[in-house]
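**Q** Here's a sequence, model it:
(one chain, ligands or ions: 1)
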Amino acid sequence: MLAVCARVIALAATLAGTGALADSLPPAGATSCSGCHSAQMLSLDALSASEIVRALEEFRSGTRDATLMDRIASGFTEPESVAIAAWLKGE
Ligand code: HEC
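**A** Predicted structure coming up:
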């Protein structure tokens, strides 16, 4: 289930790379975050955009312990992480 989820996110990231999506749409993968990071549980509200980008980088590189964010983060490049974090924070 989680593996399938990560593959869908990776596919979405690939599609975004083709420029097929309009600039006004959320960056690929950004809307998937709220499925787990809702206001009640695992909220990202306390983190700034740069803290979210750093956390994703740490998950990707394995320097931050994770049960599944390591696999999710590995589906995104650094520029994609920046775009997702900015969108999540409404910037
Ligand atoms: C399938 C559920 C799930 C999805 C989808 C998900 N996350 Fe997470 N996230 C977690 C869990 C669980 C943790 C705690 C670390 C761990 O165990 O992997 C976490 C931790 C984090 C943290 C660190 C939070 C902190 O307080 O330090 C950040 C930042 C984060 N996620 C960002 C994201 C972003 C951005 C997305 C969308 C691209 C996303 N997550 C999608 C489950 C999810």
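**Q** With the ligand as the reference, measure out to the closest residue to Glu91 other than its chain neighbours.
**A** Spatial nearest neighbour of Glu91, excluding adjacent residues (CB to CB, 6 or more residues apart in numbering): Ala49 at 5.9 Å. For every residue, glycine as well, the C-beta is placed using N, CA and C. As judged by CB to the nearest ligand atom, to the nearest Å, Ala49 and the ligand stand 10 Å apart.
**Q** List the contacts of Ala49.
**A** If a contact means CB atoms under 8 Å, 6 or more residues apart in numbering, then Ala49 has 82, 85-86, 88-89, 91 as its contacts.
**Q** what does Ala30 give?
**A** 83-84, 87-88.
**Q** try it again with 6 Å
**A** Counting by CB atoms under 6 Å, 6 or more residues apart in numbering, Ala30 touches 84, 87.
**Q** Please apply the same query to Met69.
**A** Going by CB under 6 Å, 6+ apart, Met69 touches Phe59.
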